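Trainee: Quick one: sequence and predicted model below, then my questions.
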Amino acid sequence: MRKIFLLGLSIIALISCKVTKEATFVAKETYWQQHVDYTMDVDVDIEKYQYKGKQTLVYTNNSPDKLDKVFYHLYFNAFQPGSQMDIRSLNIKDPSKKIGDRISKLKPNEIGYIKVNSLKQNGVAVAHETVGTILEVKLNQPIKAGETVTLEMNFDAQVPVQIRRSGRENKEGIALSMSQWYPKLAEYDFQGWHTPPYIAREFQGVWGDFDVTIHIDKNYTIGGSGYLQNPQEIGHGYQDVSKDLNLPNGDKLTWHFKAPKVHDFMWAADDEYNHDVLKMENGIDLHFLYKKNLEEKYLKNWKDLQPKTAELMTYFSENIGQYPYKQYSVIQGGDGGMEYAMSTLITGKRKFSSLFGVTAHEMAHTWFQFLLASNESLHPWMDEGFTSYISTKASYEIMKKGDKNPNAGPYKGYNRMVKSGAEEVLTTHADRYHTNRGYSFASYGKGSMFLSQLEYVIGAENVANGLKKYFTDFSFKHPTPNDVIRSMEKVSGIHLGWYLNEWTQTLHTIDYGIKSVVGNKITLERISQMPMPIDVEVTYFDGSKESFNIPLEIMRGSKPTIATILKDWGWAYPTYSFNVSKKVKSVAIDKSLLMADVNLENNFFEVK
């Protein structure tokens, strides 16, 4: 019997070992992301603002699924009367001033379009249909898991009048702001295809390499994504001045760019660009392209911006993760400020503080959404919010604005939003917010508060280190909200699922108050729905002060603090009492003001 029993244990051990090994292997293989390589050649007619394009797209299906269809975004089709962007703008309660009714009034030679003339799958014509801003493609042969397919396309396009982000002849006279200009393969991930119609919100792309050739009038300077491969055949400030130029004959130049490991490609062109290059000591080249005919005060601002941009690059690399490319371009263009691969478009007629602030924000997007490529349509707060949080910190340090909380502003806006009743939950798709105001506050304001308030919950140092771990673990991937929280948990040792749920998936608010002080006994109360750890400062009648920290029980830990840590507070209990050693004069909750308490009047109690 003993031999049989031992044999049974051995078999169970072997089975357990096998299951453990398989489980470990599966855990490592659960994440996947698609890969795409673009080769594009476009010929631009600058007089008509039109171009003809050829695209070869090599798509690798790294998913476990068989794909019988693929989809492309044709963003320029949104700039046509009757498009969903047009109708949305005409019907939303608070339309963007940049759009308004402008699309509805576009003439045929002012609209935008991308027309797909032919499409082949591995050399054989394939059926396709354009539906608004989406090209629907029914494949001849499904793409099996692990397979690669080549899709070849010819297309014609027209650049729309500058209305939103992309376009021609913007308000500052930039000829071409070419973002979202090419047929762009839609993302397919663990949630399936992401094919929302374009209504001027956010973007998402598939990681890959871009090889882009642009034929354009020789007087035009181009800046944007990618490394120029033929600078001696171009000039325009890209050439090695120690070598001779080899300019071709003819009216056009052929610009050849390569952008490795990106998920988008933007370019801008104008025949009056200044092109300055600042070479950083770490080998990164910063390119600045802006109008030569700007007023002197604006030209000075663009010059003064350049060393500050280098400081921003250093700050973000040190506080999030090292910038992985060798080039970044700040380009006058677009309709405000918008981030793209290795570059940004910003309008240039600004005060220096505004020019610097927009550059700080758009450059920070290189880390939060570009390198950490979250789905900014589903989770715009991970993109705009985190960018606002870190760019504000960078601005305060670089511009020496003092040591006050740089992210205090959104808290006031949050209270106004809560009182107005117009707040919407952060899980709302970017396109589906009822108002532009609701979208903007949620994405920028409440999104930035996610991190600044987290400093209150787990400590500023843990948040700082958590961001670095988040970058290390998820750069060049497509992270989700849970990935952010897990990075913070691994650094802090504190459980944070409750925080993600309450702040992003509900409209629960925070309201704690001091219910009573009787002798040496202090009683606090949770009045609103969202639970939080509580920092308390007690002032005694002898003039001394004592700080206490009350962790939430579901945190299973507490932040680093010099305060006295008290017993956990279970979230279901509406009140919490504790005793102090001396006679109490006053009690204050959260003097840091990092907790988004909607009623500060009950956060201070003075014994009379």
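Mentor: Arrived safely. Numbers count the residues shown, from 1 in each chain.
Trainee: Tell me who's in contact with the closest residue to Pro380 other than its chain neighbours.
Mentor: Once flanking residues are discounted, Pro380 sits nearest to Ser443: 4.0 Å by C-beta to C-beta, 6 or more residues apart in numbering. In this view, the C-beta of every residue, glycine as well, is placed from N, C-alpha and C. Residues near Ser443 by C-beta atoms under 8 Å, 6 or more residues apart in numbering: 380-381, 383-385, 430.
Trainee: how many neighbours does Lys545 have?
Mentor: 11 (other C-beta atoms under 10 Å).
Trainee: Okay, and the beta partners of it?
Mentor: Thr539 (DSSP bridges).
Trainee: ditto for Val42
Mentor: Gly53, Ile214.
Trainee: pretty sure it contacts Thr213?
Mentor: Yes: with contact defined as C-beta atoms under 8 Å, Val42 counts as touching Thr213 (7.2 Å).
Trainee: For the two, indicate the residue with more neighbours.
Mentor: In this view Val42 and Thr213 are compared by other C-beta under 10 Å, and Val42 has more residues nearby, 21 against 17.
Trainee: what's that one in contact with, if anything?
Mentor: Val42 is in contact with 51-54, 182, 212-215, counting by C-beta under 8 Å, 6+ apart.
Trainee: quick one: it from Met178, how far?
Mentor: Note on Val42: its distance to Met178, by C-beta to C-beta, to the nearest Å, is 9 Å.
Trainee: ok, and what's touching whatever helix or strand Val457 lives in?
Mentor: Element membership for Val457 (DSSP states H and E) is helix 447-458. The contact list for helix 447-458 (C-beta under 8 Å, 6+ apart) reads 380-386, 388-389, 392, 405, 407, 410-411, 414, 426, 463, 466-467, 488, 492, 494, 496, 499, 503-504, 532-533, 535, 555, 559, 590, 592, 594-596.
Trainee: Filter the residues you listed down to the ones in strands?
Mentor: Those of the contacts of helix 447-458 mapping onto strands are Asp535, per DSSP state E.
Trainee: So among the contacts of helix 447-458, which ones count as buried?
Mentor: Buried residues within the contacts of helix 447-458, counting neighbours by 16 or more other C-beta atoms under 10 Å: 380-386, 388-389, 392, 405, 407, 410-411, 414, 426, 463, 466-467, 488, 492, 494, 496, 499, 503-504, 532-533, 535, 555, 559, 590, 594-596.
Trainee: now, which of the residues you listed lie within helices?
Mentor: 380, 386, 388-389, 392, 410-411, 414, 463, 466-467, 488, 492, 499, 503-504 (DSSP state H).
Trainee: Tell me which helix or strand in the protein has the weakest average pLDDT.
Mentor: helix 2-29 (a mean of 43; mean pLDDT, DSSP states H and E).
Trainee: circling back: CA atoms only for the helix holding Val457 - export them in CSV, please.
Mentor: The C-alpha trace of helix 447-458 is given here as CSV (Å, rounded to 0.1, in the frame of the first residue of the first chain):
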residue,chain,number,x,y,z
GLY,A,447,-7.5,62.0,-16.2
SER,A,448,-4.7,64.1,-14.8
MET,A,449,-6.3,63.9,-11.3
PHE,A,450,-6.1,60.1,-11.6
LEU,A,451,-2.3,60.4,-11.1
SER,A,452,-2.2,63.4,-8.9
GLN,A,453,-4.7,61.9,-6.5
LEU,A,454,-2.8,58.6,-6.7
GLU,A,455,0.1,60.5,-5.1
TYR,A,456,-2.2,61.0,-2.1
VAL,A,457,-3.1,57.3,-2.0
ILE,A,458,0.3,55.7,-2.5
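Trainee: right, and the helix or strand after the helix or strand harbouring Thr344?
Mentor: Thr344 belongs to strand 343-346 when assigned by DSSP H and E. Along the chain past strand 343-346, the next helix or strand (assigned with DSSP H and E) turns out to be helix 352-364.
Trainee: Mind listing what's buried along that following helix?
Mentor: Those would be 352, 355-364, for helix 352-364 by 16+ other C-beta under 10 Å.
Trainee: With stretch 119-131 instead?
Mentor: Across stretch 119-131, burial judged by 16+ other C-beta under 10 Å covers 119, 121, 126, 128.
Trainee: if we take these, which one ends up nearest to Val277?
Mentor: Top of the list for closeness to Val277, among the buried residues of stretch 119-131 and by C-beta to C-beta, is Leu119 at 39.2 Å.
Trainee: Any idea what that closest one is bridged to?
Mentor: Legend: beta-bridge partners of Leu119 under DSSP bridges are Met153.
Trainee: So it sits against Thr130, correct?
Mentor: No: using C-beta under 8 Å, Leu119 makes no contact with Thr130, being 10.8 Å away.
Trainee: picking that back up, need the max-distance pair from the contacts of Ser443.
Mentor: Gly385 and Ala430 (12.2 Å).
Trainee: residues in contact with stretch 566-574?
Mentor: Residues outside stretch 566-574 that contact it (C-beta under 8 Å, 6+ apart) are 498, 525-526, 531, 533-534, 548-555, 576, 578.
Trainee: For ChimeraX, write the selection for the buried entries among the residues you listed.
Mentor: ChimeraX command restricting the contacts of stretch 566-574 to the buried ones, with burial defined by 16+ other C-beta under 10 Å:
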select :498,525,526,531,533,534,548,549,550,551,552,553,554,555,576,578
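Trainee: before we move on, the earlier item: now, which of the buried residues of stretch 119-131 lie within helices?
Mentor: Using DSSP H, none of those sit in helices.
Trainee: What's the per-residue pLDDT of the residue lying closest to Leu305 once chain neighbours are set aside here?
Mentor: Distances taken as C-beta to C-beta, 6+ apart place Leu355 nearest to Leu305, at 5.6 Å, with adjacent residues excluded. If you check Leu355, the pLDDT there is 98.
Trainee: For Ser104, see how far away Leu355 is.
Mentor: With C-beta to C-beta as the criterion, Leu355 and Ser104 are 33 Å apart.
Trainee: ok, now Gln239?
Mentor: Gln239 is 45 Å from Ser104, by C-beta to C-beta.
Trainee: In terms of neighbours, single out the busier of those two.
Mentor: For Gln239 versus Ser104, neighbours defined as other C-beta under 10 Å are more numerous around Gln239 (18 against 15).
Trainee: Below-threshold pLDDT in the protein: ranges please.
Mentor: 1-29 (pLDDT under 70).
Trainee: now the strands: where do they sit in the stretch 101-250 of the chain?
Mentor: Taking DSSP state E, counting those that start in this stretch, the strands of the stretch 101-250 of the chain run over residues 113-121, 124-125, 127-131, 134-143, 148-158, 167-168, 176-178, 184-185, 187-189, 192-194, 208-217, 221-224, 227-228.
Trainee: Show me what the third one is packed against.
Mentor: Contacts defined by 3 or more C-beta pairs under 8 Å, 6 or more residues apart in numbering; DSSP states H and E place strand 127-131 against strand 113-121, strand 134-143.
Trainee: So which bits of the last one are buried?
Mentor: Which is strand 134-143. 134-135, 137, 139, 143.
Trainee: okay if I get these as TSV plus distance to Tyr227?
Mentor: TSV is the format used below for the buried residues of strand 134-143 (distance: C-beta to C-beta, whole Å):
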residue	distance to Tyr227
Ile134	31
Leu135	29
Val137	31
Leu139	33
Ile143	30
